[in-house]
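Peer 1: need a structure here:
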Amino acid sequence: MEINDILRRYTSGEETLENANAALAAAGAGFRLEPGRNEITGEERHQTVTGYAPEQASGFGLLDTGTGAMEKVRVTGGMLEFPVNQVRPDGSVNMRAFVLIAGKRYEVMGSRLAEPLPDGLLRVVFQEPQRAVTPGQAVVLYDGESVVGGGTIVK
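Peer 2: Presented below is the predicted three-dimensional model:
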């Protein structure tokens, strides 16, 4: 079983801490979940919900910043209590981070949860709301007067 599958099963309550740690060791994860530190209790699982959109996620999950620490975090309305990484003006982040909550995996953008993007896709975030943005329309990215990228809106 892959490490992400083990963590997904643990955060959804399908695996106990002990079984998850045994599976992590067998998968060569190089880290383990510590009782009291990154353990999600039964009560915390009952307080945890997800939905169709990242902003519907609330409760407890594990934060993965690529260091193997897997810190337990609280999510409220799709937001962490504190920013984890810095979102650059172009929408990229200075460090990739993910939250696994109730078996779902979300990318972290500052303190906001977002759906992870497959390779080749770009998330465009406007500073102000835009009217009638529709799948199939073109988006063009400029640096001053120069076109630096673009694509088709899919969602």
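Peer 1: In the chain, where is pLDDT below threshold?
Peer 2: 125, 127 (pLDDT under 70).
Peer 1: Tell me which stretches of it form helices.
Peer 2: Taking DSSP state H, the helices of the chain run over residues 3-11, 17-26, 42-46.
Peer 1: Check these for me and report the most buried one.
Peer 2: helix 3-11 (a mean of 19; mean count of other CB atoms under 10 Å). The way it works is simple: take the backbone N, C-alpha and C, and place the C-beta from them, glycine included.
Peer 1: what sits up against that helix?
Peer 2: Surrounding helix 3-11, the residues in contact under the criterion CB atoms under 8 Å, 6 or more residues apart in numbering are 15-17, 20, 23-24, 27, 29, 33, 40, 61-62, 64, 70, 100-105.
Peer 1: what's the closest of the helices of the chain to residue 55?
Peer 2: Of all the helices of the chain, it is helix 3-11 that lies closest to residue 55, at 18.4 Å by CB to CB.
Peer 1: That closest one: how far from the chain's middle?
Peer 2: Averaging C-alpha positions (CA atoms, centre = their mean, to the nearest Å) puts helix 3-11 14 Å from its chain's average.
Peer 1: And for stretch 42-59?
Peer 2: Using CA atoms, centre = their mean, the offset of stretch 42-59 from its chain centre is 13 Å.
Peer 1: tell me which residues in it are buried?
Peer 2: 48, 50, 54, 57, 58, 59 (16 or more other CB atoms under 10 Å).
Peer 1: Pick out whichever of these sits closest to residue 116.
Peer 2: residue 54 (9.9 Å).
Peer 1: Please name the nearest non-neighbouring residue to that closest one.
Peer 2: Closest residue to residue 54 apart from its sequence neighbours, by CB to CB, 6 or more residues apart in numbering: residue 113 at 4.0 Å.
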